[in-house]
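K.L.:
A structural model of the following input is requested.
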Amino acid sequence: MDGEETNPYEVREVALRARSRGEVFAHLAGLIDADPAQVVAALERREAEGDTAVGDGVAIPHAAIPGLDRGVLVDVRLDGAARWGAAPGEVRRCFCVLAPEGRHDTHVALLAEAARRAVADPGVGVRPRRRAAAARTQARCGLSAPDLADTSTHARAVR
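P.N.:
Here you go, the predicted model:
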């Protein structure tokens, strides 16, 4: 089994000063080994399909990125609030999922890790009703609480 199988993605944690979704995306695009314009375009296309702000100051933008070799979850702590889109309120915490194009398994694993982090971190402020909604979504995807805990084993390359 090669490294890609045992550790299909990495997690990065960053603190960022940004006042808009576009500023956040521009910064994220510079963090990974892919064409920054393609990264921003993919994230904006996903936002056009539906706002990724989930409420309580949290957003989980995600996209498939052409040419990306390995998935990345960027856990972003904003030093203030960023305007995000149509959702009421502003975002202060962002869990950005960037997956290689065509790697749906990695994309889902990264979304599960983002959800796990959002629910587990008391500073995020995810309300109980959102926790219940997350549990229902996890059940529809065939993920259990232990499955979500196990995704952290894939995130050994925390930076």
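
K.L.:
Residue 24 is in contact with residue 44, correct?
P.N.:
No. With contact defined as C-beta atoms under 8 Å, residue 44 does not count as touching residue 24 (11.3 Å). Backbone N, C-alpha and C define where each C-beta goes, glycine included.

K.L.:
quick one: which of the two has more around it?
P.N.:
Between residue 44 and residue 24, counted using other C-beta atoms under 10 Å, the more crowded position is residue 24 (23 against 14).

K.L.:
Quick check: pLDDT value at that one.
P.N.:
pLDDT for residue 24: 96.

K.L.:
And residue 132, by the same measure?
P.N.:
pLDDT, residue 132: 64.

K.L.:
What of residue 14?
P.N.:
95.

K.L.:
right, and it touches residue 31 too?
P.N.:
Yes. Using C-beta under 8 Å, residue 14 is in contact with residue 31, at 7.2 Å.

K.L.:
Between these two, which contacts overlap?
P.N.:
Residues touching both residue 14 and residue 31 by C-beta atoms under 8 Å, 6 or more residues apart in numbering: residue 74.

K.L.:
for the helix or strand residue 47 falls within, which positions count as buried?
P.N.:
Assigned by DSSP states H and E, residue 47 belongs to helix 36-49. For helix 36-49, burial by neighbour count (16 or more other C-beta atoms under 10 Å) applies to 38, 39, 40, 41, 42, 43, 46, 47.

K.L.:
mind saving the C-alpha coords of it as PDB?
P.N.:
C-alpha atoms of helix 36-49 as PDB (Å, rounded to 0.1, in the frame of the first residue of the first chain):
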ATOM      1  CA  PRO A  36      -4.500  29.600  -8.500                       C
ATOM      2  CA  ALA A  37      -6.900  30.900 -11.100                       C
ATOM      3  CA  GLN A  38      -8.400  27.400 -11.500                       C
ATOM      4  CA  VAL A  39      -8.700  27.000  -7.700                       C
ATOM      5  CA  VAL A  40     -10.600  30.300  -7.300                       C
ATOM      6  CA  ALA A  41     -12.800  29.600 -10.300                       C
ATOM      7  CA  ALA A  42     -13.700  26.100  -9.000                       C
ATOM      8  CA  LEU A  43     -14.600  27.500  -5.600                       C
ATOM      9  CA  GLU A  44     -16.600  30.300  -7.100                       C
ATOM     10  CA  ARG A  45     -18.500  27.900  -9.400                       C
ATOM     11  CA  ARG A  46     -19.400  25.800  -6.300                       C
ATOM     12  CA  GLU A  47     -20.600  28.900  -4.500                       C
ATOM     13  CA  ALA A  48     -22.800  29.700  -7.500                       C
ATOM     14  CA  GLU A  49     -24.500  26.400  -7.100                       C
END
